[in-house]
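the following comprises the amino acid sequence and a computationally predicted model.
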Amino acid sequence: MTISTTSRRDADVPEAMATTRAKPLCDGMARQSRHQPAEHDSRTQPKRTILVIDDDPRFRKMQRGVMTALGYAVVTAADGESALPLLDERDDIGLVICDMVMPGMSGLDVIRAIRTFDQDLPIIIVTGKPAVDSAVECMKIGANDYINKPFDVDRIKQAVTAMMTPDPLTNTEERSLRRDQHGRVLGGYRVGELLGEGYFGVVFKVYGREGDTDKTFALKILRLSIMRDEFGGEYFERFIREGRAVAAIDHPNVVPMVDFGLTDDDAIPFIVMAYIDGCTLAQIIQTGNPTFSQKLNMLTQIARGVGAIHRQQIFHRDLKPENILVTRDYHIYVADLGVARIPGSKLTRPDQLLGTPYYMAPESLQFEACDCRSDFFSLGVVGYELLTGKKPFSAANVTVLCHDISHRASPKPSAVNPDIPSSVEAILLRLLEKSPDDRYQSADDIITALESCQR
């Protein structure tokens, strides 16, 4: 599998993850996108039909009534298998509302299938079994919103209205940005396939500058819609600061920065990074293939990469398995500094929650001052998950999760994996201390401790 530093929807979608596109589950979908322009530009035609996918006929009937009252046409399907052909046949569907748990294809399966042939179609996931895992996963793979059953009718009306009345100029340009870049030269790099996208940026596979076309890179550009956002200037500055900061890092465990700047023609900011052949640490954790010794070595490499970032006075702030790349020989690259804290930066507003809750330190969740020790807490969560296969904190919703991270004692890793040595357990528990003062105070101390466990 070939991956790169990519960007998906920010629930933290991992900037670090881009995989080979899945084959469409419905024949013909990849061959003809509903958004593909014809002789006339159908994008100027507002799409007023909503597709509701749910195995509960009562829910389908209720949704039909609510959406019809809002002035939209509604088509329904009892499962994903019957819904996908409707998307292939019709060109008037502007929104999908899909249940999470259904016989056959799940809501996640439906999202993945749709995203193989349509990156633009808004999707709202609804479920009667809310869980943080499901919410994060839905947003990561392309859902636009996530609503729990039973839900407030006004809440779903608000969500539907927002999805069905986008800024037409922004939508058209974003669609063009993703579709029309192939073969274009950006910043001197020839653009290939789309690798991934998220709230902040779009990432393409690109080929080297003139005279060096055999080399492959990952090029990230900032979304046009973000640049027009209320805080567009802030995001633009953060994007450029990210390029400058990462360019100063030269370490074998950090994804190398190759180039950054503005495109010559339309001044779109871009960052070019090395194209890594491997997979994410999240995928390694799922397979469980490496030995304990190899996992401990990988954790040590992550600590070295984090230490290299900290030596530039940069704090990662979104360290998680999806943002860590692993080659076939288990070499580690720390990636995605898109929300990193950079020296002299005043870009982050005090009420802005940056990162992924599972891996965030208590002080981050409480909007308190963060420093390198906040990354050490995240490293502890990553290490715990890598060595046990489970996260130290899990809850039914984000509110309970944040409370547990901030106040509940960290469970012992040996309770999950009895083979974990006491010396390694002590390192993980110290990384997971609630108070930053009780954690390790430098990456070098963590590296020394981990190396001593491998002798």
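Right, received. Where do you want to start? What you see is a predicted model, and the numbers here were worked out from it, not measured in a lab.

how many other residues sit next to residue 57?
10 (other CB atoms under 10 Å). Where C-beta positions appear, they are placed from N, C-alpha and C, glycine not excepted.

same deal with the one 10 residues further on?
Taking other CB under 10 Å as the neighbour definition, residue 67 ends up with a count of 22.

doesn't it fall inside a strand?
No: Residue 67 is assigned helix when assessed by DSSP: H, G, I helix; E, B strand; the rest coil, not a strand.

what pLDDT does it get?
Confidence at residue 67, expressed as pLDDT, is 90.

tell me how far it lies from residue 305.
Note on residue 67: its distance to residue 305, by CB to CB, to the nearest Å, is 48 Å.

one more: residue 293?
For residue 293, the distance to residue 305 - CB to CB - is 19 Å.

these two: which has the busier surroundings?
residue 305 (25 against 10).

next, count neighbours for the nearest residue to residue 301 once chain neighbours are set aside.
Closest residue to residue 301 apart from its sequence neighbours, by CB to CB, 6 or more residues apart in numbering: residue 332 at 3.7 Å. When neighbours are defined as other CB under 10 Å, residue 332 has 24 of them.

which strand residues bridge residue 332?
As for beta bridges, residue 332 partners with residue 326 under DSSP bridges.

extract the CA atoms of the longest strand anywhere in the chain and return them as CSV.
Of all the segments assigned as strand in the chain under DSSP state E, the longest by residue count is strand 189-197. Provided in CSV are the C-alpha atoms of strand 189-197 (Å, rounded to 0.1, in the frame of the first residue of the first chain):
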residue,chain,number,x,y,z
TYR,A,189,5.4,20.0,-9.7
ARG,A,190,3.3,18.0,-12.1
VAL,A,191,0.1,17.0,-10.3
GLY,A,192,-1.1,13.4,-10.4
GLU,A,193,-3.9,11.7,-8.5
LEU,A,194,-5.9,13.1,-5.5
LEU,A,195,-4.6,11.4,-2.4
GLY,A,196,-6.9,12.8,0.2
GLU,A,197,-8.6,15.9,1.6
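
each with direction, which strands does that strand pair with?
When pairing is defined by DSSP bridges, strand 189-197 lines up against strand 185-186 (antiparallel), strand 201-207 (antiparallel).

any idea which of these is most buried?
Most buried of those by mean neighbour count (mean count of other CB atoms under 10 Å) is strand 201-207; its value is a mean of 24.

helix or strand right after it?
As assigned by DSSP states H and E, the chain's next helix or strand after strand 201-207 is strand 216-222.

and that next one, what does it pack against?
Packing partners of strand 216-222 (3 or more CB pairs under 8 Å, 6 or more residues apart in numbering; DSSP states H and E): strand 189-197, strand 201-207, helix 232-247, strand 269-274.

and the ones you listed, which one averages the lowest pLDDT?
Of all the helices and strands packed on strand 216-222, helix 232-247 has the smallest average pLDDT, which comes to a mean of 65.

can you check what pLDDT the model gives the residue nearest to residue 392 when sequence neighbours are not counted?
Excluding the flanking residues, the one nearest residue 392 by CB to CB, 6+ apart is residue 384, at 4.7 Å. We have a pLDDT of 97 for residue 384.

and residue 384, what element?
Taking DSSP H and E as the definition, residue 384 sits inside helix 372-388.

which secondary structure elements does that helix contact?
Applying 3+ CB pairs under 8 Å, 6+ apart, one finds that helix 372-388 contacts helix 281-287, helix 292-311, helix 362-365, helix 422-431, helix 443-452.

repeat the analysis, applying 6 Å as the threshold.
On a contact count with 3 or more CB pairs under 6 Å, 6 or more residues apart in numbering; DSSP states H and E, helix 372-388 meets helix 292-311, helix 422-431.

rebuild those as CSV, extending it with mean pLDDT.
Formatted as CSV, the helices and strands packed on helix 372-388 follow (pLDDT from 0 to 100):
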stretch, mean pLDDT
helix 292-311, 96
helix 422-431, 97
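
show me the beta-bridge partners of residue 75.
Residue 75 forms beta bridges with residue 51, as assigned by DSSP bridges.

touching, it and residue 52? I think so.
No: shown here, residue 75 and residue 52 do not form a contact pair, counting by CB atoms under 6 Å, at 7.5 Å.

of the two, which one has the most company?
Just comparing residue 75 and residue 52: by other CB under 10 Å the higher neighbour count belongs to residue 52, 25 against 16.

wait, that one touches residue 60, no?
Yes: between residue 52 and residue 60 there is a contact at 5.5 Å, judged by CB under 6 Å.

what is in contact with those two at once?
Common contacts of residue 52 and residue 60, defined by CB atoms under 6 Å, 6 or more residues apart in numbering, comprise residue 76.

let me see the domain layout of this protein.
42-115+123-165, 171-274, 280-452 (automatic domain parsing).

first to last residue in the last one, what's the distance?
With CA to CA, to the nearest Å as the measure, the first residue of domain 280-452 is 26 Å from its last.

element containing residue 161?
Assessed by DSSP H and E, residue 161 sits inside helix 153-164.

export that helix to PDB, keeping only CA atoms.
Backbone C-alpha positions of helix 153-164 (Å, rounded to 0.1, in the frame of the first residue of the first chain) are rendered in PDB as follows:
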ATOM      1  CA  VAL A 153     -36.100  17.700  14.700                       C
ATOM      2  CA  ASP A 154     -34.900  21.300  14.700                       C
ATOM      3  CA  ARG A 155     -31.300  20.000  14.900                       C
ATOM      4  CA  ILE A 156     -31.600  17.900  11.700                       C
ATOM      5  CA  LYS A 157     -33.500  20.700  10.000                       C
ATOM      6  CA  GLN A 158     -30.600  23.000  10.700                       C
ATOM      7  CA  ALA A 159     -28.100  20.500   9.500                       C
ATOM      8  CA  VAL A 160     -30.100  19.700   6.300                       C
ATOM      9  CA  THR A 161     -30.600  23.400   5.500                       C
ATOM     10  CA  ALA A 162     -26.800  24.000   5.900                       C
ATOM     11  CA  MET A 163     -25.900  21.100   3.600                       C
ATOM     12  CA  MET A 164     -28.400  22.000   0.900                       C
END
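
now for that helix, which elements pack on it?
Applying 3+ CB pairs under 6 Å, 6+ apart, we find helix 153-164 packed against strand 93-99.

and the strand it packs on, which strands flank it?
strand 49-53 (parallel), strand 123-127 (parallel).

output the ones you listed in CSV, with distance to residue 219 appended to each entry.
Formatted as CSV, those follow (distance: least, CB to CB, whole Å):
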stretch, distance to residue 219
strand 49-53, 34
strand 123-127, 27
